[in-house]
Structure formats: C-alpha cells, structure tokens
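In: What would the 3D arrangement of this be:
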Amino acid sequence: MPVINRIAEFEPELRAWRRHLHTIPELDFDLHETAAFVEARLKEIGVDEIHTGIAKTGIVALIRGQGDGPAIGLRADMDALPIEEATGVDYASKYPGRMHACGHDGHTAILLGAARYLAETRNFAGTAALIFQPSEEMSGGGQVMCQEGIMDRFAIAKVFSIHNAPDIDFGRIHVRPGPMLAAADEFRITIKGKGGHAAMPHMAVDPVPALLQLGQALQAIPARRLSPLASAVVSLTMLRAGEVTNVIPEEVMLAGTVRSLDPEVRERMERDIRDAAQACAAAHRCQAEIAYVRGYPVTMNDVAETDFAAEVAEEVVGAERVNAACDPELGSEDFSYMLEERPGAYVMLGTGPGAQCHNPEFNYNDDATPIGASWFVRLVERALPLSR
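Out: Here you go, the predicted model:
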C-alpha cells in the first residue's frame with residue numbers, strides 16, 4: 001500500500017500549514033503561537049479531545065476509533081532552534097535569530113495530516129493519542145510530558161515517532177532494534193592553579209599544561225579505554241584560558257560532549273573523564289573541579305515494535321526502500337524518555353539531498369509529509385484493527 005490517496009489529496013493544505021509554522025519558530029517551552037495554531041487545526045479536524053498546557057505548551061489530542069481497544073501514541077516535536085535563517089524562501093522565519101532548522105515544523109504537519117485522516121475514517125478499534133511536544137532541542141520536553149503522566153493519564157500502550165533525514169535518500173525509511181540514537185552528556189572541567197608572571201613560571205602554578213594534557217587524555221579514552229566494538233564519542237568544544245600573553249592564568253576551563261550507545265559505556269565514560277581530570281590536574285600541582293551533566297538517555301527501540309514499524313513502512317514505501325537494520329547515530333533525542341516508559345520505535349524518513357539539520361540553510365522537504373502521515377495512520381490501523 002503506497003501513500004494513502006486521501007492524504008495525498010489534502011497535501012497542499014498540509015504544505016501550507018507547515019510553511020506557516022516555518023514563519024513562526026519558537027524556542028524551548030515557549031511555543032504559544034505554535035501551540036495555538038496546532039490547537040486550532042485540531043478543532044477544525046474534529047478530534048475527540050484536546051488537552052493543552054502539558055509541559056507548558058504541549059498538547060495531547062485523542063481520536064477514538066469504532067470500538068474499544070488500547071491507545072497508540074504518535075509523537076511530533078514542535079520547537080525550533082536559536083539560529084539565524086539563511087534559506088531565502090518566501091516563508092522564512094519572521095523572528096530574527098530563530099528558525100525551524102531541524103524540521104520540527106514538518107513533523108508537526110505530518111502528525112496533523114495523520115490526525116485529519118484518522119478523524120475522518122476512524123478505521124480502527126481503540127484510541128490514537130497525538131502527542132505534540134515542546135522543547136526537544138533544549139530542555140527535554142519529552143521527559144517533562146512523561147513526568148506529568150501522559151502515558152498513564154491517556155492509557156498509552158505503545159509510542160512511535162518519526163524524524164526527517166536529509167542525509168537519507170528521499171522516501172526511504174531507516175530503523176533498527178535496540179539503540180537508535182545516543183545518550184548525550186556534557187562536562188565542564190575547571191583546572192585551578194596559581195596565576196603569575198609569564199616570565200617567572202616557577203613562581204606560579206600554571207594550569208595550562210594540565211589543560212593541554214587533559215585534552216589529549218580525553219580524546220584517548222574512546223580509542224584506548226573502550227573495546228574497539230564499543231561506540232562512544234568525546235568532543236572537546238570549548239576551551240578557555242588567559243586573556244593576555246604575559247600572564248599565567250589562575251584557572252582554565254575545558255568543556256565538551258560525550259555520546260554513547262550503551263548504559264555501561266556511559267557509566268565508564270563519566271568515570272574515566274573524572275579520573276583523567278583529577279590525574280592531569282594533580283600531575284601539575286593543580287586542582288580540578290568537574291561538572292558532569294547527564295543529558296538525554298539512549299533512544300532504545302523495542303525489538304518487537306521495531307519489526308512492526310518496519311513492516312508498516314514496507315506497506316507505505318515498499319520493502320526495497322526500508323532499512324530495518326540501519327546503523328545507529330550518535331545524535332540524541334528526548335523521545336528516549338517516552339521509550340523508557342512504553343515500548344515503541346523511532347524511525348528516520350529520508351527527505352533527500354539538501355542542507356543538514358541545524359544548518360541555517362536547512363529547509364524541510366514538504367514532499368515527505370504524506371509519507372510520514374501515511375506511516376502514522378497505518379501504524380494505528382494495523383495495531384488497532386477493527387476485526388480484533
């Protein structure tokens with residue numbers, strides 16, 4: 001079964017909705033204009049219930065089918081990024097310094113498209129729970145929605161999500177069982193010595209050599225402390241030392257991110273980074289202060305639900321266009337919190353060549369919307385058949 005004909009018929013309206021959302025990007029939990037637009041469309045569509053104000057600006061809408069059955073959660077993120085847009089399109093962001101650079105406007109349109117079709121046909125027995133989530137990019141809105149109890153409140157049994165992927169050929173769907181995306185942690189290490197004149201280093205305690213040694217030590221942890229079969233990344237992204245050439249600074253700072261695909265590797269990385277910081281500082285008569293912040297956990301797809309998601313994808317795009325054993329990626333996602341609470345799967349939908357996500361020239365490919373919406377619809381109809 002290819003893209004659903006009825007969804008293809010109202011695709012121009014979905015395109016218009018997406019492009020309007022593109023003009024009004026909002027950040028974090030402050031998605032008031034975006035949420036109002038989504039709520040208005042849901043009312044027009046005729047869903048059964050609309051619950052607003054979840055995680056401040058999140059929405060859960062319910063569509064009931066033609067009989068009793070469990071609830072299937074379908075999630076779309078709605079927030080944008082603090083990036084100055086450089087697409088040049090006539091529907092570009094009207095807010096300086098903000099843009100939809102990751103396609104969340106497209107994800108929202110996909111879920112609205114699925115909502116419209118499901119509300120029209122109701123060819124299922126149970127409930128479709130449509131989750132419109134704030135703050136995927138910044139503060140973990142998925143975690144907050146879970147903490148506010150959406151899974152139990154709406155009796156959600158399974159949960160699914162989809163993300164556009166400009167690095168995958170258009171119309172292909174990639175998924176895998178187990179770790180799909182990485183855990184993302186951050187560290188900030190301050191090394192303190194004793195400042196002094198650069199011409200008399202013996203009268204100071206210079207933290208700069210400790211900083212340089214630590215940078216090399218951290219890069220070596222994945223390569224020399226972990227098995228070659230384990231996956232982890234340490235990226236040093238911030239360095240700060242002195243401000244003038246003839247002064248040895250009192251303290252220096254190094255910060256970065258850690259990505260991992262396995263909880264045990266995640267624990268090992270934090271332990272080794274802490275140990276390296278203390279050892280490098282001590283070797284140079286300095287002290288190290290370490291701030292290590294756990295971010296989003298691993299996005300872990302359920303094995304059975306991944307198989308199901310791939311089967312549905314084959315119906316929509318064809319078996320030859322589905323990769324059900326793709327490589328994991330070391331990006332991260334707060335949909336991981338929802339997958340910790342309920343079985344489900346997170347898939348990638350290829351949108352073809354173009355600027356990558358988080359690039360100021362990124363622009364979501366509207367042609368992908370009917371594919372994503374059809375996949376969501378068929379998930380519900382297959383998981384909640386009328387003949388059950």
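
In: what's the burial count for Ala220?
Out: Other residues near Ala220 number 13, with proximity taken as other Cβ atoms under 10 Å. Glycine gets a C-beta too; all of them are placed from N, C-alpha and C.

In: need the next SSE after the helix or strand containing it, C-terminal direction.
Out: For Ala220, the host element (DSSP states H and E) is helix 208-224. Sequence-wise, the next helix or strand downstream of helix 208-224 (DSSP H and E) is strand 232-240.

In: what is the rounded mean pLDDT of that next one?
Out: Here strand 232-240 scores 95 as its mean pLDDT.

In: Check which strands are paired with it and give the direction for each one.
Out: Next to strand 232-240 in the sheet, as set by DSSP bridges, lie strand 251-260 (antiparallel).

In: Grab the CA positions of the strand it pairs with and hand them over as CSV.
Out: Provided in CSV are the C-alpha atoms of strand 251-260 (Å, rounded to 0.1, in the frame of the first residue of the first chain):
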residue,chain,number,x,y,z
GLU,A,251,42.4,28.9,36.1
VAL,A,252,41.5,27.4,32.8
MET,A,253,38.3,25.6,31.5
LEU,A,254,37.6,22.8,29.1
ALA,A,255,34.1,21.6,28.1
GLY,A,256,32.5,19.2,25.7
THR,A,257,30.0,16.5,25.0
VAL,A,258,30.0,12.7,25.4
ARG,A,259,27.9,10.4,23.2
SER,A,260,27.4,6.7,23.9
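
In: what does it contact?
Out: 182-193, 207-208, 210-211, 214-215, 218, 231-242, 266, 269-270, 273, 298, 330-332 (Cβ atoms under 8 Å, 6 or more residues apart in numbering).

In: Report all helices and strands that the helix holding Ala220 contacts.
Out: Helix 208-224 sits against strand 183-192, strand 232-240, strand 251-260, helix 263-283, with contacts defined as 3 or more Cβ pairs under 8 Å, 6 or more residues apart in numbering; DSSP states H and E.

In: Of the ones you listed, which is nearest Gly53?
Out: Gly53 sits nearest to strand 183-192 of all the helices and strands packed on helix 208-224, at 27.6 Å, using Cβ to Cβ.

In: related to what we said a few turns ago, what residues of the helix holding Ala220 count as buried?
Out: 208-215, 217-218, 221-222 (16 or more other Cβ atoms under 10 Å).

In: Please tabulate these in JSON lines and include pLDDT as additional columns.
Out: Compiled in JSON lines, these are given as follows (pLDDT from 0 to 100):
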{"residue": "Val208", "pLDDT": "97"}
{"residue": "Pro209", "pLDDT": "97"}
{"residue": "Ala210", "pLDDT": "97"}
{"residue": "Leu211", "pLDDT": "97"}
{"residue": "Leu212", "pLDDT": "96"}
{"residue": "Gln213", "pLDDT": "97"}
{"residue": "Leu214", "pLDDT": "97"}
{"residue": "Gly215", "pLDDT": "96"}
{"residue": "Ala217", "pLDDT": "96"}
{"residue": "Leu218", "pLDDT": "96"}
{"residue": "Ile221", "pLDDT": "95"}
{"residue": "Pro222", "pLDDT": "93"}
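
In: I appreciate the help and will end here.
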